[in-house]
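Novice: Starting from these lines, generate the structure:
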Amino acid sequence: MNANKPASRRSLTSDLARVDAHKLQPEEYEELPELTDEMLARAKVNKGGRPVSPNPRKLISLRLPADVIERWKATGPGWQTRMAERLSNLR
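Specialist: Alright, predicted model coming up:
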């Protein structure tokens, strides 16, 4: 979650206490369809998340002088990205 954005304050319109209090009765199980091999064959697994980047970043450890880091930080949020862009232009 982005630290600059407040969490959403929207509330659900469902009565969750009533939903939680409901106990399934045996006759309700009869309403559920039987799972078939055909249904399971059509099932898809959705892993979610971000798509795989064609150019993933790699984690390295780099020691820089404190004044260099402070100057980049002073440029505001996104300083790491700007630093990476500047370094990639040195080719």
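
Novice: Just list what the helix or strand bottoming out on mean pLDDT in the chain packs against, helices and strands only.
Specialist: Using mean pLDDT, DSSP states H and E, helix 26-29 stands out as the lowest-scoring helix or strand of the chain, at a mean of 83. Helix 26-29 sits against no helix or strand, with contacts defined as 3 or more CB pairs under 8 Å, 6 or more residues apart in numbering; DSSP states H and E. Backbone N, C-alpha and C define where each C-beta goes, glycine included.

Novice: Give the residue farthest from the middle of this structure.
Specialist: The outermost residue of the chain relative to its centre, with distances by CA atoms, centre = their mean, is E27 at 39.0 Å.

Novice: remind me which residues of this protein are low pLDDT?
Specialist: Residues of the chain that meet the criterion pLDDT under 70 lie in 1-10.

Novice: buried residues in the longest helix belonging to it?
Specialist: The longest helix of the chain (DSSP state H) is helix 79-88. Neighbour counts using 16 or more other CB atoms under 10 Å place M83 of helix 79-88 among the buried residues.
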